[in-house]
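I would like the atomic coordinates for the input below:
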Amino acid sequence: MVAQFHAFKPNTNVIGTFFSQNARFKEVLSLFFLFLIFFLDLQSVVKSGLEFGEVESKSVSMSEGFAIELHLDPALENQVLKAWNVLARRQITTHLIEMKSRPHKTLFSAPFLEPSKLESLLRTFASKHDPLSLSFSSVGTIPNHADNLLFLAPTPSLSLLQFQSHLCDAIRKEGIEISDDFAFDSWIPYCSVAHHVAKNKMPEAFSLLRELKLPVSGYATDIALVQFSPVSELFSFVLGNNVDS
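Residues are numbered from 1 along each chain as shown. Here you go, the predicted model:
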């Protein structure tokens, strides 16, 4: 399904007056255009005929490092695990299982971090945000030289984009650099379902993933700092309170 946009000619005098007098409107309009950019970028990932797309990775996959992940509620997590297990049974890939990962969205990642700088930050951040509604609606891929990645792409959500943007703002205040991959206008909140898929196995993998009967919906319920690889969870916090998971 392709979104259609219809052009219109606004009254620039009226809009100019309102815009200059209403700071809140300026902020909302700015967020709207950033959200629109994200939506169009995500649509370019998805090829309408096969419900998948390809985008160029902006950075080389890191084999070691740290990541802040958004984890899913048990029902939605099980839907993603079904995809992992199907691909494993068909001997397409077992990489995510072997590295002891769990279904997630990566909110931020870096090769080096001081976990002690982030524990209090993430606890406070989680306590101020409720669980996020999620819906995975398509299958995508990010091919690069060392890896073929398959993922579930979400239905665009302004609340999710703002959540990740506010987190990065808080991290930046701690003196931690945010790479371009996690900038508000370029971050893609995918959920990985396969890594290191052989090129000759890609068609079969896509065919199997299309049997998931998307969309699948649920909630992101907690935020965690992990070290990889293999994946080791350092600490996590439930969204909506400050109780350790």
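
low pLDDT regions in the chain?
Low-confidence segments of the chain (pLDDT under 70): 1-63, 143-146, 242-245.

how about the strands in it?
In the chain, the segments counted as strands under DSSP state E are 65-72, 104-110, 132-143, 148-154, 191-194, 216-228, 232-238.

mind listing what's buried along the longest one?
This means strand 216-228. Judged by neighbour count (16 or more other Cβ atoms under 10 Å), strand 216-228 contains these buried residues: 216, 218, 220-226, 228. Quick note: C-beta positions are derived from backbone N, CA and C, even for glycine.

specify which member of those is nearest to Thr106.
Set against Thr106, the nearest of these by Cβ to Cβ is Val226 (9.3 Å).

quick one: terminal-to-terminal distance for stretch 166-181?
Across stretch 166-181, the terminal residues are separated by 15 Å (Cα to Cα, to the nearest Å).

next one: that stretch to chain centre, how far?
With Cα atoms, centre = their mean, to the nearest Å as the basis, stretch 166-181 stands 16 Å off its chain's centre.

contacts for that stretch?
Contact with stretch 166-181 is made by 58-59, 68, 107-110, 113, 117-118, 121, 125, 182-184, 186-187, 223, as judged by Cβ atoms under 8 Å, 6 or more residues apart in numbering.

next, the residue most central in space within the chain: phi, psi?
Residue closest to the average C-alpha location in the chain (Cα atoms, centre = their mean): Pro189, at 1.6 Å. When quoted as degrees, to the nearest 10, the phi and psi of Pro189 stand at phi -80, psi 60.

so who does it touch?
By Cβ under 8 Å, 6+ apart, the residues touching Pro189 are 70, 105, 107, 154, 160-161, 164.

and the buried residues of strand 216-228, which two are furthest apart?
Taking Cβ to Cβ, the two most distant members of these are Val216 and Leu225; they sit 26.0 Å apart.

re the thing from before, reformat the contacts of Pro189 as JSON lines; add neighbour count.
Shown next, in JSON lines, are the contacts of Pro189 (neighbours: other Cβ atoms under 10 Å):
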{"residue": "Leu70", "neighbour count": "24"}
{"residue": "Lys105", "neighbour count": "25"}
{"residue": "Leu107", "neighbour count": "22"}
{"residue": "Pro154", "neighbour count": "22"}
{"residue": "Leu160", "neighbour count": "21"}
{"residue": "Leu161", "neighbour count": "19"}
{"residue": "Gln164", "neighbour count": "21"}
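
got these as TSV, with distance to Gly140 columns?
As requested, those are exported to TSV (distance: Cβ to Cβ, whole Å):
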residue	distance to Gly140
Leu70	18
Lys105	13
Leu107	18
Pro154	10
Leu160	16
Leu161	17
Gln164	18
